[in-house]
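**Student:** The following block contains a protein sequence and its predicted model.
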Amino acid sequence: QLQLVESGGGLVQPGGSLRLSCAVSGFTLYAIRWFRQAPGKEREGVSCISSSGGSTHYADSVKGRFTISRDNAKNTVYLQMGSLKPEDTAIYYCATDLFSCDVPWSGGGYWGRGTQVTVSS
């Protein structure tokens with residue numbers, strides 16, 4: 001059974017940084033995505049990393065500020081978030097639908113429970 005567990009969220013001031021982690025158990029060689037959902041807003045795809053880590057994708061809203069990476073030896077995917085803005089406030093989820101980052105999200109898949117990120121002064 002594939003399981004994903006997020007950690008690393010918290011309260012940070014605007015302009016600050018956080019690093020989120022997604023620990024993956026089970027068969028782990030899949031592309032992993034980060035999503036976020038703010039109160040009253042639709043879920044937004046933030047970033048995706050291929051199974052090897054050689055290919056990454058970002059939403060325009062975070063490009064240049066967030067960096068996704070993975071350590072397959074540790075079965076962990078990271079999302080380094082910098083220059084944080086209040087509009088980055090959301091619950092962040094990692095997920096996989098077992099398909100490549102190049103394929104549109106299938107709508108199903110395996111999800112973690114999320115970690116809250118709050119950007120506020």
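**Tutor:** That came through, no problem.
**Student:** residues touching Leu20, list them.
**Tutor:** Glu6, Ser7, Gly8, Gly9, Trp34, Tyr78, Leu79, Met81, Tyr92, Cys94, Thr115, Val117 (Cβ atoms under 8 Å, 6 or more residues apart in numbering). Bear in mind the C-beta positions are built from the backbone N, C-alpha and C, glycine included.
**Student:** which residue packs closest to the last one, ignoring adjacent ones?
**Tutor:** What it means is Val117. Leaving aside its sequence neighbours, Val117 sits nearest to Gly9 (Cβ to Cβ, 6 or more residues apart in numbering; 4.7 Å).
**Student:** Angles on the backbone of that neighbour, please.
**Tutor:** Main-chain dihedrals, Gly9, degrees, to the nearest 10: phi -70, psi 170.
**Student:** Am I right that it is in contact with Thr115?
**Tutor:** Yes. Here Gly9 reaches Thr115: they are 3.4 Å apart, a contact under Cβ atoms under 8 Å.
**Student:** And those two? Which one has more around it.
**Tutor:** Between Gly9 and Thr115, counted using other Cβ atoms under 10 Å, the more crowded position is Thr115 (22 against 18).
**Student:** wait, doesn't the more buried one sit right on Leu4?
**Tutor:** No. Look at Thr115 against Leu4 with Cβ under 8 Å: they stay out of range, at 11.1 Å.
**Student:** in stretch 27-38, what's buried?
**Tutor:** If you call a residue buried by 16 or more other Cβ atoms under 10 Å, then stretch 27-38 has these buried ones: Thr28, Tyr30, Ala31, Ile32, Arg33, Trp34, Phe35, Arg36.
**Student:** First-to-last residue distance for that stretch?
**Tutor:** Terminal residues of stretch 27-38 are spaced 30 Å apart (Cα to Cα, to the nearest Å).
**Student:** neighbouring contacts of that stretch?
**Tutor:** Here stretch 27-38 makes contact (Cβ under 8 Å, 6+ apart) with 2, 4, 20, 22, 24, 43-51, 68, 70, 72, 75, 77, 79, 87-101, 105, 117.
**Student:** what's the average pLDDT for it?
**Tutor:** For stretch 27-38, mean pLDDT rounds to 92.
**Student:** Off-centre distance for that stretch?
**Tutor:** Distance of stretch 27-38 from its chain centroid, counting by Cα atoms, centre = their mean, to the nearest Å, is 6 Å.
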